[in-house]
Every structure is written in C-alpha cells, then in structure tokens.
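Student: below are the sequence and a predicted model for it; my questions follow.
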Amino acid sequence: MTVTLIDTNRIRLMIEAPSHVPVHRKEVFLRLKQEELQKSGPDSLTYRGKNLLRKIGFSK
C-alpha cells in the first residue's frame with residue numbers, strides 16, 4: 001500500500017495486488033457479503049468466510 005495523496009479532507013491510497021485478488025473498502029466488502037448471504041444463505045459460506053465476517057463484526 002502506498003499513500004499517493006494527502007489533502008486537507010482526504011488521503012488517497014494505492015493498493016497493489018494480483019488481478020485475481022479483489023480489493024474493496026470495508027463498507028463495500030460488507031455490502032457484497034451481505035448480498036451473498038441474502039442470495040444463498042449463511043450455510044453456503046466457507047468456514048473461513050464465516051470467521052472473517054465474525055471478526056469484523058458482521059453477524060446476521
């Protein structure tokens with residue numbers, strides 16, 4: 001991660017990751033996971049995914 005801009009009201013970050021690795025802000029990630037839960041139910045998530053959601057405070 002690299003800081004590319006520091007301004008009065010914002011900062012801009014550059015995140016380098018392989019193209020197959022999705023990179024999202026926390027609120028976008030939570031929305032995507034919530035949509036996934038609504039579509040397929042909580043039992044379809046992997047154990048790792050369930051633990052990640054629990055660690056970041058998302059429960060449903």
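Tutor: Yep, that arrived.
Student: name the residues of stretch 52-60 that are buried.
Tutor: Buried residues in stretch 52-60, counted by 16 or more other Cβ atoms under 10 Å: residue 53. To be clear about C-beta, it is placed using only N, CA and C from the backbone, and glycine gets the same treatment.
Student: any idea of the mean pLDDT for that stretch?
Tutor: Averaging pLDDT along stretch 52-60 gives 73.
Student: now the helices: where do they sit in the protein?
Tutor: 26-40, 47-55 (DSSP state H).
Student: give me the distance between the residue nearest to the spatial centre of the chain and residue 35.
Tutor: Geometric centre of the chain, nearest residue: residue 29, 2.9 Å, by Cα atoms, centre = their mean. Counting by Cβ to Cβ, to the nearest Å, the separation of residue 29 from residue 35 is 11 Å.
Student: check residue 50 too.
Tutor: Going from residue 50 to residue 35 by Cβ to Cβ gives 16 Å.
Student: ditto for residue 21
Tutor: Using Cβ to Cβ, which is the criterion applied here, residue 21 is 19 Å from residue 35.
Student: picking that back up, neighbour-wise, which of residue 50 and residue 35 wins?
Tutor: Shown here are residue 50 and residue 35; by other Cβ atoms under 10 Å, residue 50 has more neighbours (13 against 10).
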